[in-house]
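Asks: Model the structure of this input:
(2 chains)
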Amino acid sequence: MLAQLVLNGAALGAAYALVALGFVLVLNAAGAVNFAHGDLVMAGGMLGAVLGPMAADAVGPVPGAVLLPLVLLLMAGLGVLVAAVAYLPLRRKPPVAVFVTTIAVGIMLQNGANTLLGGEPRAAPPLLSGGTVTLWGGVTAPEQSLAVIAAAAVLIALQVWVFGHTHTGRRLRAAAQDPDMARACGIPVTRMVLATFAIGSAYAGAAGLLLANQYFVTPHAGGDLILKAYIAVTVGGWGSVPGAVLGALLIAGFEVGVSAALSYPVAQGALYLTLLLMLVLRPQGLLGEAARRRA
Amino acid sequence: MSCVSALFAALVAGPAAAESLPVLVPLTGFLSLEGTSQRNGAVLAVKEAPASLSVTAEVVDTGTSPEAAATALERALSRGTPPAVAASMLGTQMLAMLPLAQDYKVPLVTVSGTASITERGNPWVFRFFPGDAVTKSAHARYVVEELHKTRPALIYQTTAYGQSGKAHLEPAFATLGAPLVFAEGVDPAAKDLLPVLTKALEAKPDVLVLHLHSAPTALMVRTAAAAGVSLPIVAGSAMHQPSTAALLEPAELKGVCAETAASPVSGGTPAMEAFTAAYRAAFNAEPDAFAVGQYDGMRMVLDAMGKGAKTPEQVRAALASGTYEGLAMTYRSDGTGNMAHSAAIVCYDGASRVPAVVKRYDGAVNGAVK
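Replies: A predicted model of the protein is given here:
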């Protein structure tokens, strides 16, 4: 059972890491918190839950791995729309304006899903077959958990490679760090921001699809996920991609490990206490850089 | 001469305007699934109103805030005084609506499970769904008396719904000589339920008792099936909802039972089967106990109106003193507005997502079912 718990925690942490990565990406690019991010995760899960049965009716059962590229594409389009509606018109305004518009977008996504699909929980198809495999030592593991870990690892590695080792990634980072200078250097900043929202939303959609098979999805599931992304980024360090992944794994560790050892309410309390201690003792997060005060 | 003047008066007045029965329920927010069932039950009842009555249902979404519910009721009542209102099943919204109902003197017909709404001495509230005192008594009795289990492990939700269930289940099991060997609350947002299941199993229970919302119920049943747990599971009413069973494979449901007020999809009587067919045709969805409870409540209102009750006070008097043979059960006020005093246990056979009613507990006395 211990091995099973560890595996569950790893799978949950991997999915949370995708949620946090999309969140931190937009945070870095836009300099504002996208409060609709949790609802974008929900939208990805809902897309999987709707496309799965549609595909099954048309051609028979289709694994989630086949749907994943389509979900990524549709969610990228939704991300561009969110940026065009809720960010670009307000980017010269105080950050609070973007906070409010992204909250409004999130509420619209929730109520849109509720109106179109109803309030009942839904499940997306499993990434592969939904069966189990036997690992070393006779440990039986759900194929879905292993597939989630693998899919998340590939997507995280892809993001690190694109942003760290490609020309496009460098342009994206430049546009995020200093938009005016980037524009002066000929980088199309608006297109870069749109691309960042597209990638961030695609990652949110992937996380939603991965989570929605094992843990189901409802129109109002996003609120809890944005909170977890926020905690992951704060614990890991604002703006830090590895920090977001680490923060997500820690949250999953609390959720599975501490609740197994003690209880779920204690795990919740311990998580928030850790967050509080982190903010007091190391406000820049585990992997964030300390802010330097300049005279 | 009098006939002529009556005819003239009728011509001047024109056709009688349809009486509007407001349906003020949560269609968005975390209770939208249950609220939609409630709405559908009320709307279907009005749609099937006797031909002698001209009534329509005016649906307003209350969301999940008490303020929105109070505002919706205030607006509905400011346009005239309807004979009755189908009111939110969300307890906090009902508590906000009750003073207004008393001020305007309009009966509220609800399927809210919150105990305190009928404990405030407000004569204008009528609950057509059995409270936890009734359902949890049936829940515990089925476990002990029918399954002969004496070591129940309880996993409940940390919400008001879950806490209320625990508060009734714990003494009910203790009274039956089968005290809980394990009890732990779980937040509805918890994703992985294997930790709490592992700890429950360490207490060596002979039955798992769940009191969780819809998705967590399905998640726990699936987790138990994946872990190879062979203990019987007796769940709360969320399990009987077709949308909960739809999340699971029939094989995962083998050995799973649930308490509920009624299970329309299980059929049982021609009237219930006709209701289920009409519901499917109207809403392209499966009905649950909340839908049939609100349907029965509104049918009792319409029955009273058909028998001559025209004012809210006359409808209130009919609800408070009458008896109504509904689809789910026979309804009768206990003097405080609690109309439902029966519960049922449904079980899944592992081959279908439609449960069978295996036991009924009728006629609660002082809360506990006989």
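
Asks: from what I can see B:S164 touches B:A133, true?
Replies: No. Using CB atoms under 8 Å, B:S164 makes no contact with B:A133, being 9.6 Å away. To be clear about C-beta, it is placed using only N, CA and C from the backbone, and glycine gets the same treatment.

Asks: Mutual contacts of those two, please.
Replies: Common neighbours of B:S164 and B:A133 (criterion: CB atoms under 8 Å, 6 or more residues apart in numbering or on different chains): B:A115.

Asks: neighbour-wise, which of those two wins?
Replies: Using other CB atoms under 10 Å in any protein chain shown, the more surrounded residue of B:S164 and B:A133 is B:S164, with 22 against 19.

Asks: roughly how far apart are the more buried one and chain A?
Replies: 17 Å (CB to the nearest CB, to the nearest Å).

Asks: Now do B:P264 against B:T36, distance only.
Replies: Distance of B:P264 to B:T36, given as CB to CB, to the nearest Å: 15 Å.

Asks: list the contacts for B:I117?
Replies: So B:I117 contacts B:91, B:94-95, B:98, B:110, B:125, B:127, B:337 (CB under 8 Å, 6+ apart).

Asks: Mind doing that once more with 6 Å?
Replies: Applying CB atoms under 6 Å, 6 or more residues apart in numbering or on different chains, we find B:I117 in contact with B:94, B:125.

Asks: That one - that's part of a helix, no?
Replies: Yes. When DSSP: H, G, I helix; E, B strand; the rest coil is applied, B:I117 is found to be in a helix.

Asks: helix or strand for the nearest residue to B:S333 once chain neighbours are set aside, which one?
Replies: Computed as CB to CB, 6 or more residues apart in numbering or on different chains, the closest residue to B:S333 that is not its neighbour in sequence is B:A320, at 5.2 Å. Under the criterion of DSSP states H and E, B:A320 resides in helix B:312-321.

Asks: residues in contact with that helix?
Replies: So helix B:312-321 is in contact with B:81, B:83-84, B:105-107, B:126, B:301, B:304, B:309, B:333, going by CB under 6 Å, 6+ apart.

Asks: nearest to A:Q144, of these?
Replies: Checking these against A:Q144 with CB to CB, the nearest one is B:F126 at 46.4 Å.

Asks: The helix or strand of chain A with the lowest mean pLDDT and chain B, any residue contact?
Replies: Counting by mean pLDDT, DSSP states H and E, chain A has its least confident helix or strand at strand A:140-142, which shows a mean of 76. No. Strand A:140-142 lies apart from chain B when judged by CB under 6 Å from any CB of the partner chain; the minimum separation is 6.6 Å.

Asks: can you list the residues of chain A near chain B?
Replies: A:1, A:8, A:12, A:111, A:114, A:119-121, A:123, A:215-216, A:220, A:224, A:256, A:259-260, A:263-264.

Asks: biggest separation within the contacts of helix B:312-321, which pair?
Replies: Largest separation among the contacts of helix B:312-321 by CB to CB: B:T81 and B:S333, giving 21.6 Å.

Asks: quick one, which of the two is more surrounded?
Replies: Neighbour tally, B:T81 and B:S333, criterion other CB under 10 Å: the higher count belongs to B:S333, 18 against 14.

Asks: Would you report the backbone torsion angles of that one?
Replies: When read as degrees, to the nearest 10, the backbone of B:S333 gives phi -70, psi 140.

Asks: Would you mind measuring from it to chain A?
Replies: Distance from B:S333 to chain A, by CB to the nearest CB: 31 Å.

Asks: got it, and B:T159?
Replies: Counting by CB to the nearest CB, the gap from B:T159 to chain A is 12 Å.

Asks: got a pLDDT number for that residue?
Replies: B:T159 is assigned a predicted lDDT (pLDDT) of 85.

Asks: Tell me which residues touch the residue positioned nearest the centre of chain B, please.
Replies: Taking CA atoms, centre = their mean, the centroid of chain B lies closest to B:F290, which sits 3.6 Å from it. Taking CB under 6 Å, 6+ apart, we find B:F290 in contact with B:34, B:37-38, B:111.

Asks: Run a quick neighbour tally on B:T330.
Replies: 15.

Asks: in the sheet, who's paired with the closest residue to it other than its chain neighbours?
Replies: Take B:T330 and drop its neighbours on the chain: the residue closest to it by CB to CB, 6+ apart is B:T323, 6.3 Å away. Beta-bridge pairing for B:T323 (DSSP bridges): B:R332.

Asks: repeat for B:R360
Replies: In beta-bridge terms (that is, DSSP bridges), B:R360 pairs with B:A344.

Asks: picking that back up, how far away is the residue nearest to B:T330 from chain A?
Replies: For B:T323, the distance to chain A - CB to the nearest CB - is 34 Å.

Asks: Just confirm that residue contacts B:R332, I think it does.
Replies: Yes. B:T323 is within contact range of B:R332, at 4.8 Å (criterion: CB atoms under 6 Å).

Asks: between the two, who's got more neighbours?
Replies: A count of neighbours by other CB under 10 Å puts B:R332 above the other of B:T323 and B:R332, at 17 against 10.

Asks: Kindly give the local confidence score, pLDDT, for that one.
Replies: pLDDT, B:R332: 95.

Asks: secondary structure element for the residue nearest to A:L262 when sequence neighbours are not counted?
Replies: Leaving aside its sequence neighbours, A:L262 sits nearest to A:A270 (CB to CB, 6+ apart; 7.9 Å). Assigned by DSSP H and E, A:A270 falls within helix A:264-281.

Asks: quick one: contacts of that helix?
Replies: A:231, A:235, A:254, A:258-259, B:186-187, B:190.

Asks: Give me the distance between stretch B:316-329 and the centre of its chain.
Replies: 16 Å (CA atoms, centre = their mean, to the nearest Å).
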